[in-house]
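[1] After the sequence you'll find the predicted model.
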Amino acid sequence: MSGPAVHPVEAPPPTTEAAPPTVRMKDVQGMPGTTGALFLRICQFVFAAVSLCVMATTSDFPSVTAFRYLVAAVGLQSVWSLSLALADLYALLVRRSFRNTGVVSLFAIGDGITSTLTFAAACASAGITVLIGNDLDKCDLNHCTRFMSATAMAFLSWFAVSPSFLLNFWSLASR
């Protein structure tokens, strides 16, 4: 015959001593779960979405591989930034910041990947727009202004992603 596997345990007696206060590093604006991070994520999303919309409204962007790459990169950037903006908004609403190492490392890795893709696509598209506009002088036949605008928005999105990546990486390294 066997007895129960779990035995009741008596609660420890209450102590009257106050627990020592824990010292936490102050959240730097731009780290996950802060208003600065939410602002950066919204900027990333807006610039990437504008770049995507401007490029997608041209009829001849699929004819150039760099422009198709730009559409794919800023599409991924806009989805990533929107999802992390929603996560930052939730963290602000429940008054919590992200302190979990796994979550912050996911944010840092994702920001590193999307920023690299966006920067590479913007550089490739800038090279093609210079080729079309300056070297071939075919801007009157193409949508050079739209291509340049979409490329500029992609660069602005990358400029907004870079602080997010650096702050996430810094918060990981400082643990």
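    Received it, and whenever you're ready, just let me know what you need. Numbering: from 1, shown residues only.
[2] Tell me which stretches of the protein form strands.
    Counting by DSSP state E, the chain forms no strands at all.
[3] ranges for the helices of it?
    35-56, 65-93, 101-130, 144-173 (DSSP state H).
[4] got the contact list for the residue most central in space within the chain?
    Closest to where the C-alpha atoms of the chain average out (Cα atoms, centre = their mean) is residue 81, at 4.3 Å. Counting by Cβ atoms under 8 Å, 6 or more residues apart in numbering, residue 81 makes contact with 41-42, 44-45, 48, 114, 157, 161. Yep, even glycine has a C-beta here, placed from its N, CA and C like the rest.
[5] Would you point out the most distant pair within those residues?
    42 and 114 (15.3 Å; Cβ to Cβ).
[6] if I look at residue 137, how far off is residue 171?
    From residue 137 over to residue 171 the distance is 49 Å, taken as Cβ to Cβ, to the nearest Å.
[7] typo on my end, residue 46
    Relative to residue 171, residue 46 is positioned 24 Å away (Cβ to Cβ).
[8] Apart from its chain neighbours, what residue comes closest to residue 155?
    residue 122 (4.8 Å; Cβ to Cβ, 6 or more residues apart in numbering).
[9] any weak-confidence spans in this structure?
    1-9, 17-26 (pLDDT under 70).
[10] For the nearest residue to residue 42 once chain neighbours are set aside, give its distance to residue 93.
    Take residue 42 and drop its neighbours on the chain: the residue closest to it by Cβ to Cβ, 6+ apart is residue 85, 5.6 Å away. From residue 85 across to residue 93, the span is 13 Å (Cβ to Cβ).
[11] Likewise for residue 156?
    Distance from residue 156 to residue 93, counting by Cβ to Cβ: 28 Å.
[12] Which one of those two is surrounded by more residues?
    Higher neighbour count among residue 156 and residue 93: residue 156, with 18 against 8, using other Cβ atoms under 10 Å.
[13] so that one makes contact with residue 40?
    No: Residue 156 is beyond contact range of residue 40, at 11.9 Å (criterion: Cβ atoms under 8 Å).
[14] re earlier: quick check on residue 46 and residue 171: which one has the bigger neighbour count.
    Taking other Cβ under 10 Å, residue 46 and residue 171 do not tie; residue 171 has more neighbours (23 against 17).
[15] and that one, what is it in contact with?
    By Cβ under 8 Å, 6+ apart, residue 171 lies in contact with 28, 31-32, 104.
[16] are any of these buried, and which?
    Buried members of those, scored by 16 or more other Cβ atoms under 10 Å, are 31-32, 104.
[17] Out of those, which is nearest to residue 166?
    Proximity of the buried ones among the contacts of residue 171 to residue 166 (Cβ to Cβ) peaks at residue 31, which lies at 10.4 Å.
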